[in-house]
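Trainee: Let me see the structure of the following:
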Amino acid sequence: MFEEQEKILKEEFPQLLNRVWLNSSAFVPHAKSVVKAMHQFINYIHDPIIGEAVDNHFRAVTNDTMVGASKLFNCKSDDISLVINTAHGLNFPLQGIDWNKGDNIVTSELEFPTNYYPWKYIARRKRVELREAKINEKIQINEDEIIELIDDKTKLVALSLVQFNTGQRVDAKRITKVAHDHGALVAFDAIQACGATEVYPKDIGADFLSAGGPKYLMAPLGIGLCYISPEVVESMEPPMQGTGNYDFTDADWMNREKPYHKGAKRFQNGTVPFYCVAGLAASLKLINSIGIKTVAKHNHSLIEQLIEGLEELDLQIITPHESSRRGVLVYVRVVDKSKDLNKIVEMMEEKHKVTISARFGGLRFSVHLYNTEEDIQKCLVALKDTLMEI
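Mentor: Next up is the predicted model:
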């Protein structure tokens, strides 16, 4: 346990004290401070002070969020755009790139639909080639194969930083270096990484890095973060247009010559759900109060213990063992194919109050800052009993 974890558990996650939640890669139960922040904002809108104070309240909540995001990502506030979900952020390169016949996009067969269907769509609409790295015998993607697909006609490389199904983490810095050498942009779906482990978009060379809020960022549905590199901000017109792209701080709504907002905020084309922004600000404050380095070290330590325990059961562990090659989720396949995965999940939940999920023909376990070593041991005992019983 890290310092203050017991206090955080009692004050922020009392609903988890009598159960084991190992399903954070699906969604995270709200911390009490997140719910409180949302209620405060809703109450404010329900009984507002009319006039400029309302706009000031919007700006204050947004500023708190941007400050928290810049601390988490170790970047400038100007590099962050608010989005309503991961797909929203990925639509910036989708709609903003000047696609031409003969261009290509590089992705992989392992991607979540959010990071596949947009590229399939644009390939069809613009007669662009969609290149996919294949799933190999280890049920992973080979980075060498990804790199081999990149050439001077590549406009975009689109990958998950951490795969939702297997937990594999790509060597992002290596891939972005090759892509940039060929003049391509790189967009990462980072929803399975941000908030749980260290993610520094500038360091890895990301052009776009998008993450919806309800997983490891511990935020409400309907809000998320998108990092956009300063180079892209200056070179790409915001593809989705509305009032929000432009600097109307002075409320001169009839001015038809307004400039774009400074930085990535210019990609926000309209009003975002501020109730959710308030919740995101609170969740970022909680993560940053612990420190992402501490959170990441804690989570990776728990995953190592979980992998060690799973190795003693009749399971095939697909997730890479090295912490640098994975996120904070573990994916396994049950060797005995006759066992019903959904039944295993159901029994773990109902009999042992341990929540996991069935995905991609296997079982997925994921940890976060509220989990403890005791949680891991409870899960392993429950899983062993369940596999013997089912």
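Trainee: CA atoms only for the lengthiest helix in the chain, dumped as PDB, please.
Mentor: Determined from DSSP state H, the single longest helix within the chain is helix 52-73. What follows is helix 52-73, C-alpha atoms only, in PDB (Å, rounded to 0.1, in the frame of the first residue of the first chain):
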ATOM      1  CA  GLU A  52     -21.100  36.800 -16.000                       C
ATOM      2  CA  ALA A  53     -20.600  34.700 -12.800                       C
ATOM      3  CA  VAL A  54     -22.000  31.600 -14.800                       C
ATOM      4  CA  ASP A  55     -19.300  32.000 -17.400                       C
ATOM      5  CA  ASN A  56     -16.700  32.500 -14.800                       C
ATOM      6  CA  HIS A  57     -17.800  29.200 -13.100                       C
ATOM      7  CA  PHE A  58     -17.400  27.400 -16.500                       C
ATOM      8  CA  ARG A  59     -13.900  28.800 -17.000                       C
ATOM      9  CA  ALA A  60     -12.900  28.000 -13.400                       C
ATOM     10  CA  VAL A  61     -13.900  24.300 -13.800                       C
ATOM     11  CA  THR A  62     -12.200  24.100 -17.200                       C
ATOM     12  CA  ASN A  63      -9.000  25.700 -15.800                       C
ATOM     13  CA  ASP A  64      -8.900  23.200 -12.900                       C
ATOM     14  CA  THR A  65      -9.200  20.400 -15.400                       C
ATOM     15  CA  MET A  66      -6.500  21.700 -17.700                       C
ATOM     16  CA  VAL A  67      -4.100  22.200 -14.800                       C
ATOM     17  CA  GLY A  68      -4.700  18.700 -13.600                       C
ATOM     18  CA  ALA A  69      -4.300  17.200 -17.100                       C
ATOM     19  CA  SER A  70      -1.100  19.100 -17.800                       C
ATOM     20  CA  LYS A  71       0.300  17.800 -14.500                       C
ATOM     21  CA  LEU A  72      -0.700  14.200 -15.300                       C
ATOM     22  CA  PHE A  73       0.700  14.400 -18.800                       C
END
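Trainee: how far out from the middle of the chain is that helix?
Mentor: Distance of helix 52-73 from the chain centroid (C-alpha atoms, centre = their mean, to the nearest Å) equals 20 Å.
Trainee: same check, this time on stretch 322-341
Mentor: For stretch 322-341, the distance to the chain centre is 20 Å (C-alpha atoms, centre = their mean).
Trainee: residue ranges of the strands in the stretch 151-300 of the chain, please?
Mentor: Counting by DSSP state E, counting those that start in this stretch, the segments of the stretch 151-300 of the chain that form strands are 154-160, 185-189, 208-212, 224-228.
Trainee: Show me the one of those that comes nearest Ala196.
Mentor: For Ala196, the closest of the strands of the stretch 151-300 of the chain is strand 208-212, at 10.3 Å, according to C-beta to C-beta. For every residue, glycine as well, the C-beta is placed using N, CA and C.
Trainee: Which strands or helices does the closest one pack on?
Mentor: Contacts defined by 3 or more C-beta pairs under 8 Å, 6 or more residues apart in numbering; DSSP states H and E place strand 208-212 against helix 86-96, strand 185-189, strand 224-228.
Trainee: Next, report how far it is displaced from the centre of its chain.
Mentor: 6 Å.
Trainee: got it, and stretch 263-279?
Mentor: Worked out by C-alpha atoms, centre = their mean, stretch 263-279 lies 17 Å from the chain centre.
Trainee: Can you give me the end-to-end span of that stretch?
Mentor: 23 Å (C-alpha to C-alpha, to the nearest Å).
Trainee: Would you map the helices across the stretch 101-250 of the chain?
Mentor: For the stretch 101-250 of the chain, applying DSSP state H, counting those that start in this stretch gives helices covering 117-126, 143-149, 172-181, 201-204, 230-235.
Trainee: Which of the residues in the last one are classified as buried?
Mentor: Translated: helix 230-235. Within helix 230-235, the residues that count as buried by 16 or more other C-beta atoms under 10 Å are Val232, Val233.
Trainee: do the shortest one as well
Mentor: Applying a neighbour-count criterion of 16+ other C-beta under 10 Å, the buried positions in helix 201-204 are Pro201, Ile204.
Trainee: Give the other helices and strands that that helix contacts.
Mentor: With contacts taken as 3+ C-beta pairs under 8 Å, 6+ apart, helix 201-204 sits against helix 172-181.
Trainee: Show the model's pLDDT score for Ile49.
Mentor: pLDDT for Ile49: 75.
Trainee: Ala251 now?
Mentor: 89.
Trainee: So that it lines up with my notes, have the first residue be 59 from now on.
Mentor: Understood, numbering begins at 59; the last thing we discussed is Ala309.
Trainee: Look up how far Val119 lies from the nearest residue to it once chain neighbours are set aside.
Mentor: Using C-beta to C-beta, 6 or more residues apart in numbering and skipping residues adjacent in sequence, the residue nearest Ala309 is Asp113, 7.8 Å away. According to C-beta to C-beta, to the nearest Å, Asp113 stands 11 Å off from Val119.
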